[in-house]
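Peer 1: Show me the folded form of this:
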Amino acid sequence: MAAVLRAEGLYRSFGHVMALGGADFDIDSGEVVALIGDNGAGKSTLVKALSGNLVLDAGTIEFEGKQVVLDSPAAASRLGIEVVHQDLALAPHLNPAQNMFLGREIPARGLLGRLGFMDNKAMRDQTRDGLADLGGTVRALNAPVGSMSGGQRQQIAIARAIAWASKVVFLDEPTAALGVVQTRNVLDSIKRVRDRGIAVVFISHSMPEVLQIADRIQVMRLGKRVATYRSGETNVEQLVGAMTGALDFKSESAA
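Peer 2: Alright, predicted model coming up:
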């Protein structure tokens, strides 16, 4: 069975800096794969390439066994791929519901919908439900997100991605701005998303969270994947060694 998303030999340079130097990646439906690496290892660049936010210099991407070109976020969204970037990509002047449905607004019924009016109540209700699933602390659904805390903005971005992803969701440091309770809720939500058959890519510097949530862990260093582990067959010391190059990898570890 083909992986839902697979990348082979991805290259991308920024001037003289090689961000991706032959990077590989794969994930199956209903699987959580943690993507880890030190700062500058190429994780965020890889995520941008696989979510249509970055044009590659070389390499191939396959979706459900067929080669695809992800040349825009819209192209990725049409395939059911969503992403929460570290910068969250929210519109600060819009409220949570408007951000949740940005570009996917629900039209009002009947004549009002044909005149361009939106069903604001339906969008607020669905936003409230999505945030409740995360155990969210966002209550002011009419306030602009720019006035909210970093943790609340994080919750909105995660709820939006989970709501719209049907095949793959990328979560880039999703718990970085969250407290203990909200972090646990996000990890529980990731499990629920996985159980719906959606592939979840979890990027994090928290090794305990990685070992807790991931089915497999793929390690990046210097712009490429250097090792793959099953979470139950590795530990923090081995992961850190792979990230830093303290372990001498002549080939990728078998998963």
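Peer 1: drop to CA atoms for contacts and neighbour counts, all remaining ones
Peer 2: Fine.
Peer 1: Work out for me the element Asp87 sits within.
Peer 2: Asp87 is part of no helix or strand, with elements assigned from DSSP states H and E.
Peer 1: residues near it, how many?
Peer 2: Under the neighbour criterion other C-alpha atoms under 10 Å, Asp87 is assigned a count of 10.
Peer 1: quick one: contacts for it?
Peer 2: By C-alpha atoms under 8 Å, 6 or more residues apart in numbering, no residues touch Asp87.
Peer 1: Poorly predicted segments of the stretch 151-255 of the chain, please.
Peer 2: 247-255 (pLDDT under 70).
Peer 1: Strands along that one, start to end?
Peer 2: Along the stretch 151-255 of the chain, counting by DSSP state E, counting those that start in this stretch, strands occupy 168-172, 199-203, 216-221, 224-230.
Peer 1: and the last one, how far out from the chain's middle?
Peer 2: Looking back up the chat, that one is strand 224-230. 18 Å (C-alpha atoms, centre = their mean, to the nearest Å).
Peer 1: buried residues in that strand?
Peer 2: For strand 224-230, burial by neighbour count (16 or more other C-alpha atoms under 10 Å) applies to Lys224, Arg225, Val226, Ala227, Thr228, Tyr229, Arg230.
Peer 1: So what pairs up with the last one in the strands?
Peer 2: Beta-bridge partners recorded for Arg230 (DSSP bridges): Arg216.
Peer 1: Might one say that it is in contact with Gln212?
Peer 2: No - the criterion here is C-alpha atoms under 8 Å, and Arg230 misses it with Gln212 at 11.4 Å.
Peer 1: What distance do you get for Val47 to Val83?
Peer 2: Distance of Val47 to Val83, computed by C-alpha to C-alpha, to the nearest Å: 8 Å.
Peer 1: Taking the centroid of this protein, which residue is nearest it?
Peer 2: By C-alpha atoms, centre = their mean, the chain has its centre lying nearest to Phe170, at 1.4 Å.
Peer 1: pretty sure Ser72 is touching Asn53, no?
Peer 2: Yes - Ser72 sits in contact with Asn53 when judged by C-alpha under 8 Å, with a separation of 5.7 Å.
Peer 1: And for Glu82, the neighbour number?
Peer 2: Count around Glu82 with other C-alpha under 10 Å applied: 28.
Peer 1: any idea which helix or strand carries it?
Peer 2: Glu82 belongs to strand 81-84, assigned by DSSP H and E.
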